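Undergrad: Model the structure of this input:
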Amino acid sequence: MEIKREDILHLADLSEFALDEKETESLGGDLKEIIGYISQLDELDTSDIQPTYQVFEMENIWRDDEILPQDATREQLLALTKNEKDNQIKVPKVL
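TA: Next comes the predicted model:
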C-alpha cells in the first residue's frame, strides 16, 4: 500500500500534530513498516477459528431501578454548593 504525503498530512491534521518535513518523511516510513507488519496477518489461515468478540467473561447484571428514600432535602443539598441558580446547581460549561 502506498502512503502519500497528503495522507500523512491529513492524519497529522486529524491528530492536531504539527510535523516538519523530516518528521513527515519519518512517519511515512514508520507507517509503511506498521502496515507491512499487519499485512502479514493476511497469510494466516483462520478458516477454522471462531471469532473472538471478548477476551474475558463479562455479563451485564440487570436490576430493577428502585427509588430509595433520601436523608437530605433539596434545600440541604443546594446549601452545600457555591453556585446555585433557580433551585439548581450551577456548573462550568463543558465543551
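Undergrad: What ranges does the protein have for its strands?
TA: 84-85, 88-89 (DSSP state E).
Undergrad: wait, which of those is closest to Q70?
TA: Evaluated over the strands of the chain, closeness to Q70 peaks at strand 88-89, with 15.6 Å, by Cβ to Cβ. Placement of C-beta: from N, CA and C, glycine included.
Undergrad: neighbouring contacts of that closest one?
TA: Contacts to strand 88-89, defined as Cβ atoms under 8 Å, 6 or more residues apart in numbering, come from residues 78, 81, 83.
Undergrad: Neighbour-wise, give me the winner out of those residues.
TA: Using other Cβ atoms under 10 Å as the neighbour criterion, L78 leads the contacts of strand 88-89 with 14 neighbours.
Undergrad: gap between N60 and G36?
TA: 40 Å (Cβ to Cβ, to the nearest Å).
Undergrad: Between these two, which has more neighbouring residues?
TA: A direct count of neighbours by other Cβ under 10 Å for N60 and G36 places G36 higher, at 10 against 4.
Undergrad: if we can go back for a sec, of all the strands of the chain, which one is nearest D7?
TA: Closest to D7 of the strands of the chain, according to Cβ to Cβ: strand 88-89, at 46.6 Å.
Undergrad: Sheet-wise, list the partners of the closest one with their directions.
TA: Using DSSP bridges, strand 88-89 pairs in its sheet with strand 84-85 (antiparallel).
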